[in-house]
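# The amino acid sequence is not available; the structure is as follows:
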């Protein structure tokens, strides 16, 4: 099956620090989506990437779709306590296709 | 507008009981997905509808799992003769143009 590696598995940082996480795969994807999930809630879409090499920002979040279409990273700048949660990358092979999920990166922020 | 809603939010079933989980997608979204999320894991794909047509059910773990979307809007995931290994959060997502938006999930506990 398709293998998706998400790193790091967990991070514990101080408020105000920048955060970087990434996903790599042996498969090529057409879309990379990044989600955040809080306990007891469904995943919330943060950023969607559709083109290889694309760099997209959403407030303090920046994500890039790797040029090989096999990887993506997400950066969070100037972290705040409400950034706490689990971040998932979820690529797929195209519109209306199932999302493939990593194990997530658990982020803890020390105020 | 309103997001994806799911009901019930929590369901406790005795082993062997049948359960029905409901998903109300975002109005106008053609595509609807069901995922299963075990504790500490990323979601795993179960099945996908485009309007009322079930186009992919490759992720359903057994023939005890059945999903329908008869009018192309609300969907129901039914699990017959529940087993303890069915305990998980069941997530529904709807999509119009590739970006999948999730409901809060139904947490199923089988005792």
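Sure, I can see it. All values derive from a computational prediction rather than experimental measurement.
# Name the residues that touch stretch A:4-16?
A:19, A:21-25, A:78-81, A:88-89, A:91, A:100-111 (C-beta atoms under 8 Å, 6 or more residues apart in numbering or on different chains). (Each C-beta comes from the backbone N, C-alpha and C, glycine too.)
# of these, list those near chain B.
Applying C-beta under 8 Å from any C-beta of the partner chain to these, one finds that A:88, A:100, A:101, A:102, A:103, A:104 fall near chain B.
# between the residues you listed, which is closest to chain B?
Chain B lies nearest to residue A:101 out of those, by C-beta to the nearest C-beta, at 3.1 Å.
# So the closest one sits against residue B:33, correct?
No. If you go by C-beta atoms under 8 Å, residue A:101 and residue B:33 don't touch, sitting 11.9 Å apart.
# returning to that earlier point: any chance of TSV for the ones next to chain B among the contacts of stretch A:4-16, columns pLDDT and secondary structure?
Formatted as TSV, those follow (pLDDT from 0 to 100; DSSP: H, G, I helix; E, B strand; the rest coil):
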residue	pLDDT	secondary structure
A:88	97	strand
A:100	92	coil
A:101	92	coil
A:102	86	coil
A:103	92	coil
A:104	95	coil
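# from the residues you listed, which would you call buried?
Those of those that meet the buried threshold are A:88, A:100, A:101, A:102, A:104, by 16 or more other C-beta atoms under 10 Å in any protein chain shown.
# Tell me the one among the residues you listed nearest to residue B:55.
residue A:100 (17.1 Å; C-beta to C-beta).
# Now for that closest one: which residues touch it?
A:2, A:4, A:25, A:27, A:29, A:90, A:91, A:92, B:45.
# Any regions of chain A where pLDDT drops low?
Chain A contains residues with pLDDT under 70 at A:1-2, A:95-96.
# picking up where we left off before, which pair in the ones next to chain B among the contacts of stretch A:4-16 spans the largest distance?
Distance extremes for those: the farthest pair is A:100 and A:104 at 12.9 Å, using C-beta to C-beta.
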